[in-house]
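Participant: Build me a structure from this.
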Amino acid sequence: MMTKMMKNNLLVLVVLVGLSQLLMACSGDDYQHFDDYDPDDQNGDTTSVEEKPKYLWIDASANFKRFSHKDSIDHYLDKAKDAGFNKIVVDVRPIAGDVLYNSSIVKELTSWQGYTRDNSWDYLQTFIDKGHQRDLQVYASMNVFVGGHNSYDKGVVYRDSEMGGYTTILNRPEGMVDITNVSDKYGMFFNPAREEVQRYCLSLIEEVVKNYPIDGLILDRVRFDGLNSDFSQYSRSKFEAYIQQDISNYPGDIFSWTRQDGEPQRNYGDLYPKWLEWRAKVVYDFFEQARTAVKDIDSDVDFGTYTGAWYPTYYEVGANWASQNYNPQNGDYTNWMFTDSYKDYGYAGLLDVYMAGVYFSDVYGSGWYTVEGGLNNAQQVTKGDVPVTSSLYVDVYDEAPADMTQAVELSLKEAHGLMVFDIVHLIKYNYWEEVKTGIDNATEQESQ
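Facilitator: Numbers count the residues shown, from 1 in each chain. Model (predicted):
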């Protein structure tokens with residue numbers, strides 16, 4: 001996740017808000033304001049280590065060729081079971097926006113990076129069948145507000161003029177720019193505020209839940225592209241309706257760009273905090289609709305999401321994954337930007353599963369930028385509304401197998417469960433035994 005294409009096109013998740021921004025923002029002790037946290041309490045969670053969920057994530061793009069063969073699915077599900085995992089997450093809608101299941105809505109992804117798979121068999125159903133044979137629960141993962149991959153010009157936004165017209169407009173120093181014309185963006189985001197986009201994404205979610213006996217659904221990229229998104233005239237009209245007033249200076253009343261010492265700087269307007277509130281409401285409302293849609297089809301399907309665990313910067317993408325009982329105005333980070341109502345759009349209470357990405361090489365320590373600190377702070381922000389799953393990024397432990405084991409062990413001791421991202425890295429570094437040892441250590445310590 002620290003390289004341009006995530007070492008073979010796995011640049012996902014951590015670039016949500018920019019890890020470099022996170023590390024700069026969190027250097028020192030700026031965000032240590034959860035002094036009342038008890039790491040042994042786990043928000044009252046009494047689930048035993050043995051029973052805790054242990055997810056292994058299978059990214060679609062990074063593993064496309066490998067899992068285009070049924071015998072590979074057999075082989076690696078056996079390894080996952082032997083290592084101690086009890087759930088797998090199968091990515092079926094990667095950033096490109098096409099899917100790895102039988103769809104009547106969007107094109108099936110059959111070719112990727114020069115390899116074409118045999119699509120005579122159903123990718124998702126095969127994982128479900130083979131997973132359930134091994135007593136592994138199978139969750140489907142979907143990237144939501146994206147519809148194309150810029151690095152390959154692949155996806156629905158490139159071949160469907162109507163969908164291509166729904167991409168996000170960015171307010172950048174050079175002016176208003178459609179994301180499809182920005183070379184440094186790889187994920188082609190839609191405008192989440194568009195009703196057409198929401199209906200389209202909901203239809204894909206409903207299709208999966210209706211047609212496949214999945215145990216859970218994990219949504220990713222349920223957010224805006226970044227702080228510069230979305231500044232279309234469509235969003236302007238929606239925002240004006242929300243605040244019940246016309247904007248005389250758009251986008252300057254939200255923010256405009258100036259230069260200081262030759263570098264672009266944002267100049268924030270009076271409506272900036274209300275704009276952040278509205279964006280958070282857009283995302284909250286979608287989560288509410290998605291949860292209702294899933295539960296109306298099958299109430300037993302777990303409904304969840306993944307985000308990075310660094311809450312202090314998530315206002316940038318409009319994703320308030322906190323509890324509504326957590327008020328960021330009381331935080332030690334920059335709180336002037338949060339309105340009184342911003343907290344009302346925390347969506348933790350809508351979730352059955354929350355995967356908090358603690359994608360850091362430092363295992364122990366306080367702060368948002370270590371596994372321990374990021375996890376503990378995430379539990380405080382969500383306030384018990386949803387069990388927090390500690391989500392690890394294997395690649396940061398490429399030269400530290402012992403730290404991988406410690407991170408697994410810590411996750412199962414202090415969180416409700418564990419998610420390991422991604423199987424491609426477990427295979428690359430052959431860290432199966434490191435994961436198994438971490439699970440065994442946590443189990444043994446609990447029994448002492």
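Participant: Could you pull out the helices in the stretch 51-200 of the chain for me?
Facilitator: For the stretch 51-200 of the chain, applying DSSP state H, counting those that start in this stretch gives helices covering 70-83, 123-133, 156-159, 161-164, 195-211.
Participant: Turn those into CSV, including distance to residue 283 and mean neighbour count.
Facilitator: Every residue, glycine included, has its C-beta placed from N, CA and C. Output for the helices of the stretch 51-200 of the chain, formatted as CSV (distance: least, C-beta to C-beta, whole Å; neighbours: other C-beta atoms under 10 Å):
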stretch, distance to residue 283, mean neighbour count
helix 70-83, 32, 16
helix 123-133, 26, 18
helix 156-159, 20, 20
helix 161-164, 20, 14
helix 195-211, 11, 17
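Participant: Relative to residue 440, which of those helices is closest?
Facilitator: Nearest of the helices of the stretch 51-200 of the chain to residue 440, taken as C-beta to C-beta: helix 70-83 at 10.0 Å.
Participant: packing partners for that closest one?
Facilitator: Helix 70-83 sits against helix 123-133, helix 423-429, helix 432-447, with contacts defined as 3 or more C-beta pairs under 8 Å, 6 or more residues apart in numbering; DSSP states H and E.
Participant: Now do the buried residues in the second one.
Facilitator: Going back to what we said before, that points to helix 423-429. 423-427, 429 (16 or more other C-beta atoms under 10 Å).
Participant: Quickly check the residues you listed for the two that are furthest apart.
Facilitator: Greatest spacing in the buried residues of helix 423-429, by C-beta to C-beta: 423 and 429 (11.2 Å).
Participant: hang on, the earlier thing: which one of the helices of the stretch 51-200 of the chain lies closest to residue 268?
Facilitator: helix 195-211 (26.8 Å).
Participant: and residue 141, bridged to which residues?
Facilitator: residue 91, residue 218 (DSSP bridges).
Participant: Next up, the contacts around it.
Facilitator: 57, 89-93, 217-220, 306 (C-beta atoms under 8 Å, 6 or more residues apart in numbering).
Participant: Reformat the residues you listed as CSV; add pLDDT.
Facilitator: Output for the contacts of residue 141, formatted as CSV (pLDDT from 0 to 100):
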residue, pLDDT
57, 98
89, 99
90, 98
91, 98
92, 98
93, 98
217, 99
218, 99
219, 98
220, 98
306, 98
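Participant: closest to residue 110 among these?
Facilitator: Distances from residue 110 to those, taken by C-beta to C-beta, are shortest for residue 92, at 13.3 Å.
Participant: Pretty sure residue 99 is one of the things the closest one touches, is it not?
Facilitator: Yes: look at residue 92 against residue 99 with C-beta atoms under 8 Å: they come within range, at 5.6 Å.
Participant: what's the first-to-last distance across stretch 322-338?
Facilitator: Using C-alpha to C-alpha, to the nearest Å, one end of stretch 322-338 lies 13 Å from the other.
Participant: hmm, who's touching it?
Facilitator: By C-beta under 8 Å, 6+ apart, stretch 322-338 touches 25, 30-33, 268, 272-273, 276-277, 311-312, 315, 340, 342-346, 348-349, 380-385.
Participant: which of those count as buried?
Facilitator: Neighbour counting with 16+ other C-beta under 10 Å marks 25, 31, 268, 272-273, 276-277, 311-312, 315, 342-343, 345-346, 348-349, 380-385 as buried within the contacts of stretch 322-338.
Participant: Residue 63 versus residue 158, what's the distance?
Facilitator: In this view, residue 158 and residue 63 are 23 Å apart by C-beta to C-beta, to the nearest Å.
Participant: Residue 178 too?
Facilitator: Counting by C-beta to C-beta, the gap from residue 178 to residue 63 is 31 Å.
Participant: quick one: which of those two has more around it?
Facilitator: Between residue 178 and residue 63, counting by other C-beta atoms under 10 Å, residue 63 is the more crowded of the two (22 against 14).
Participant: need the contact list for that one.
Facilitator: Residue 63 sits in contact with 422-424, where contact means C-beta under 8 Å, 6+ apart.
Participant: 7 Å - rerun?
Facilitator: 423-424 (C-beta atoms under 7 Å, 6 or more residues apart in numbering).
Participant: could you measure it against residue 79, distance?
Facilitator: For residue 63 relative to residue 79 (C-beta to C-beta), the value is 13 Å.
Participant: hey, where'd the strands end up in the stretch 151-300 of the chain?
Facilitator: For the stretch 151-300 of the chain, the strands defined by DSSP state E, counting those that start in this stretch cover 169-172, 175-178, 187-189, 216-220, 255-260, 263-268.
Participant: Which of these sits closest to residue 284?
Facilitator: Among the strands of the stretch 151-300 of the chain, strand 216-220 sits nearest to residue 284 (C-beta to C-beta), with 13.1 Å.
Participant: Give me the distance from the closest one to the chain's centre.
Facilitator: 9 Å (C-alpha atoms, centre = their mean, to the nearest Å).
Participant: Packing partners of it?
Facilitator: strand 137-143, helix 195-211, strand 302-308, strand 353-357 (3 or more C-beta pairs under 7 Å, 6 or more residues apart in numbering; DSSP states H and E).
Participant: mind putting these in JSON lines, distance to residue 372 included?
Facilitator: Listed next are those as JSON lines, based on distance: least, C-beta to C-beta, whole Å:
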{"stretch": "strand 137-143", "distance to residue 372": "26"}
{"stretch": "helix 195-211", "distance to residue 372": "34"}
{"stretch": "strand 302-308", "distance to residue 372": "16"}
{"stretch": "strand 353-357", "distance to residue 372": "12"}
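Participant: Those: which one's closest to residue 369?
Facilitator: strand 302-308 (10.8 Å).
Participant: Quickly run through the sheet partners of that closest one, with directions.
Facilitator: When DSSP bridges is applied, strand 302-308 pairs with strand 216-220 (parallel), strand 353-357 (parallel).
Participant: mind checking the longest helix of the protein?
Facilitator: For the chain, the helix with the greatest residue count under DSSP state H is helix 272-297.
Participant: Give me the buried positions along that one.
Facilitator: By 16+ other C-beta under 10 Å, the buried positions in helix 272-297 come out as 272-284, 286-287, 289-291, 293-294.
Participant: swap in stretch 392-412?
Facilitator: By 16+ other C-beta under 10 Å, the buried positions in stretch 392-412 come out as 392-397, 403-412.
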